[in-house]
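In: below: sequence and its predicted model.
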There are 2 protein chains.
Amino acid sequence: MSSAFLRACRREATPFTPVWLMRQAGRYLPEYRAVRERFSFLELCKNSEAAAEVTVQPIDRLGVDAAILFADILLPLEPLQLGLSFAAGDGPTLERPIRAPEQVAELPKVDVADALSYVFETVKRVRAALDGRVPLIGFAGAPFTLASYAIEGGGSRSYLGTKRFLLEHPDAWDDLMEKLVDVTADYLRGQAEAGAQALQIFDSWVGHLAPDDYRSAVLPHMRTLFSRLPTGVPVIHFGTGTSGLLESMADAGGDVIGLDWRISLDEGWRRIGFDRGVQGNLDPAILFAPFPVIREKVRALLASAKRRPGHVANLGHGILPGTPVDGVRCLVDAVHELSTSGST
Amino acid sequence: MSSAFLRACRREATPFTPVWLMRQAGRYLPEYRAVRERFSFLELCKNSEAAAEVTVQPIDRLGVDAAILFADILLPLEPLQLGLSFAAGDGPTLERPIRAPEQVAELPKVDVADALSYVFETVKRVRAALDGRVPLIGFAGAPFTLASYAIEGGGSRSYLGTKRFLLEHPDAWDDLMEKLVDVTADYLRGQAEAGAQALQIFDSWVGHLAPDDYRSAVLPHMRTLFSRLPTGVPVIHFGTGTSGLLESMADAGGDVIGLDWRISLDEGWRRIGFDRGVQGNLDPAILFAPFPVIREKVRALLASAKRRPGHVANLGHGILPGTPVDGVRCLVDAVHELSTSGST
């Protein structure tokens, strides 16, 4: 029998609700920080041995039901020669952002098998290290979210540059999205071939778009991307702030749709449709609260999901820096315990 | 016959869809920047003559159907002695943020009529200057949004401090919200008594909360606030990122509910209920687009609203710095023209 996580992705019944956490391999863990002392962030991503080590670190410590590859959604932008770097303590920066439509035509063709081979090597090492304990999730940033970094040159509050680009230069926008779909499809296929047993597509910032802009500028490209992914590997389609986009995101594709905490799980699932799974959707901030509050939030989440097959418990976004490890463990234990006891 | 704006707030039929824009008095206007050269931001808020001048500036220039008081949502925090200041080019800062529950009990009692008398004076001056051309909207920050600034000490990306406070110290949180409700109710009543013909409550950041946290930590206080407002003055209840909260926000109160662009207007209105008006909801980024794109977005918005009585056209949030004035004028004209012609 396959793992509870993979069964839930396929909407099969599970003995308990499976749970993993976005950014479960990260800075809140002392053993991660110890490894990080030896590498810069980008070095760590590229060192397959160390990346595999930090991928596996949280599995036993937290008791989660899946591992997620340690990498960054922006790695595929590096071979596009936009000047990607990660300054210590700050977010990512792109030295040569895309500001003019002509730049899209000049983007180099990427040989993903070569440029991102280190990621595929990490996948193989993680599979060996996990030795079947839990499945491994591979991932990539979605084309819109990648495009937003490529255009803004980093993070953004308003995504004004990205929105202007897609409104003013719709043809160049479509070209850019097609190129990013090509890279992302190759990248995700490569991860699956290397051994990733599920895939998550992070469209982290797509929730900044109006629904009609999503449908015209993003959805067709996401459909193409989903059509190019290997069959038999469940795909999780994730975003934040997407309460107004859920139907369109489900329309684009994904076996499981990720929800953030800004919508109740049952309301979100109803709008997505019960023919899909859902993942989420606790507020990462609750991990700082006293244990009884964390348990109560888990209880309410499970009550909202009603133990329908197809729920993967998770936060609605990544674990925040400074999160107490004990709070994370409390959440994982509460999901397992309260979904087994039938107390919901 | 009263103005199209006030009629729409009461869900009465109007000859055209009324429109105004959040931050229509602001930095994108050269004549505003000219006044700002003579004052710091806080000085401008406190100088009733100058504040009235910038309130009125956009009315003829843009052809909008309502004026909104020039002020800042954080002004009521100043008499609470948290050390409010506005650094040039940056957002607001509070030198003495609320970090411990004990601090809530120590907050001074505010005599709003005295401490914020300059705002009421501005309202009177604006009414005189407008001379009935268009109605004047007064406004205040909602208690949650004020509390978030008071606790975080400024803006925030995650609102982690605010969420921790309300989860860890629910009694102190309720005390804080009650005190902010008291100040806000007095402040809005004072504006109405001075001549504001409608009121908008900005719960700008409440969309960061999960629906269950909204219902337990915010909604009861919002109900109290709405119960203390004068009758006969329409109230607009506004937030951003609230696609998952709309039913609860409508439940809390408001004649008109503000929508941002992350949900389609018809979907949002259906969830709020057609027994309320709605305001919104174009993405402020579209004002940077070519005129035909702006007109197309207005056409789609009006089609979505179906000329149901109760729609006030607006952006989904404030005009962004650097927005072209001609784009704003294009939007206003398109709303008037396309809602009159019946072409939608």
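Out: Good, I have the coordinates.
In: please count neighbours and contacts with C-alpha atoms only from this point.
Out: Fine.
In: what's around the nearest residue to A:Y187 once chain neighbours are set aside, how many residues?
Out: Among residues not flanking A:Y187 along the chain, A:V112 sits closest, at 6.2 Å (Cα to Cα, 6 or more residues apart in numbering or on different chains). When counting by other Cα atoms under 10 Å in any protein chain shown, one arrives at 18 neighbours for A:V112.
In: how close does A:S117 sit to chain B?
Out: If you measure A:S117 against chain B using Cα to the nearest Cα, to the nearest Å, the figure is 34 Å.
In: the residue nearest to A:Y187: what's it in contact with?
Out: Residues near A:V112 by Cα atoms under 8 Å, 6 or more residues apart in numbering or on different chains: A:183, A:186-187.
In: please apply the same query to A:P92.
Out: Listed by Cα under 8 Å, 6+ apart, the contact partners of A:P92 are A:84-86, A:154-155.
In: dihedrals phi and psi, the residue lying closest to it once chain neighbours are set aside?
Out: Here the nearest residue to A:P92 in space, its sequence neighbours aside, is A:F86; by Cα to Cα, 6+ apart that works out to 4.5 Å. Phi and psi for A:F86, reported as degrees, to the nearest 10, are phi -120, psi 110.
In: same deal with the one 3 residues further on?
Out: Recorded main-chain torsions at A:G89 are phi 80, psi -20, according to degrees, to the nearest 10.
In: any idea how many residues pack against it?
Out: Other residues near A:G89 number 6, with proximity taken as other Cα under 10 Å.
In: looking at the contacts of A:V112, spot the one nearest chain B.
Out: Closest approach between these and chain B, by Cα to the nearest Cα: A:V183, at 28.2 Å.
In: so which of the contacts of A:V112 is the most crowded?
Out: Most surrounded of the contacts of A:V112: other Cα under 10 Å gives A:Y187, at 25 neighbours.
In: and that residue, what element?
Out: helix A:170-194 (DSSP states H and E).
In: pLDDT at A:M1, what is it?
Out: pLDDT for A:M1: 59.
In: what do you get for A:G132?
Out: A:G132 carries a pLDDT value of 97.
In: tell me the contacts of the residue nearest to A:P92?
Out: Counting by Cα under 8 Å, 6+ apart, A:F86 has contacts A:41-42, A:92-93.
In: could you give the average pLDDT over the helix holding A:Y187?
Out: Across helix A:170-194, the average pLDDT comes to 98.
In: how many other residues sit next to A:S2?
Out: Using other Cα under 10 Å, A:S2 is surrounded by 10 other residues.
In: do you know how far the residue positioned nearest the centre of chain A is from A:F238?
Out: The residue lying closest to the centre of chain A (Cα atoms, centre = their mean) is A:F202, at 4.0 Å. Distance of A:F202 to A:F238, given as Cα to Cα, to the nearest Å: 5 Å.
In: what residues does chain A have near chain B?
Out: Contact residues, chain A versus chain B (Cα under 8 Å from any Cα of the partner chain): A:160, A:163-164, A:167-168, A:207-212, A:241-245, A:261-264, A:283, A:285-286, A:288-290, A:293.
In: filter the residues you listed to the buried ones?
Out: Neighbour-count burial (16 or more other Cα atoms under 10 Å in any protein chain shown) is assigned, among the residues of chain A next to chain B, to A:160, A:163-164, A:167-168, A:207-212, A:241-245, A:261-264, A:283, A:285-286, A:288-289.
In: would you state the helices of the stretch 51-200 of chain A in chain order?
Out: For the stretch 51-200 of chain A, the helices defined by DSSP state H, counting those that start in this stretch cover A:102-105, A:112-115, A:117-130, A:143-152, A:160-168, A:170-194.
In: which other helices and strands contact the helix or strand A:H221 falls within?
Out: Using DSSP H and E, A:H221 maps to helix A:219-227. Judged by 3 or more Cα pairs under 8 Å, 6 or more residues apart in numbering or on different chains; DSSP states H and E, helix A:219-227 is in contact with helix A:170-194, helix A:246-252.
In: and the residue nearest to A:L301 when sequence neighbours are not counted, how many residues sit next to it?
Out: Spatial nearest neighbour of A:L301, chain neighbours left out: A:L265 (7.1 Å); criterion: Cα to Cα, 6+ apart. Neighbourhood size, A:L265 [other Cα under 10 Å]: 26.
In: residues in contact with the nearest residue to A:L130 once chain neighbours are set aside?
Out: Spatially, and ignoring its direct neighbours in sequence, A:L130 is nearest to A:V56 (7.0 Å; Cα to Cα, 6+ apart). The contact partners of A:V56, by Cα under 8 Å, 6+ apart, come to A:25, A:67, A:126, A:129-130.
In: ok, A:A88 next?
Out: Contacts of A:A88 by Cα under 8 Å, 6+ apart are A:S40.
In: that one and A:G138: what is the separation?
Out: From A:A88 to A:G138 the distance is 25 Å (Cα to Cα).
In: TSV for the helices and strands packed on helix A:219-227, including distance to B:Q191?
Out: Output for these, formatted as TSV (distance: least, Cα to Cα, whole Å):
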stretch	distance to B:Q191
helix A:170-194	46
helix A:246-252	40
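In: do you know which of these lies nearest B:P324?
Out: Closest approach to B:P324 among those (Cα to Cα): helix A:170-194, 20.4 Å.
In: compute the inter-axis angle for that closest one and helix A:219-227.
Out: Relative orientation of helix A:170-194 versus helix A:219-227 (axes from the mean of the first three to the mean of the last three Cα atoms, to 10 degrees): 20 degrees.
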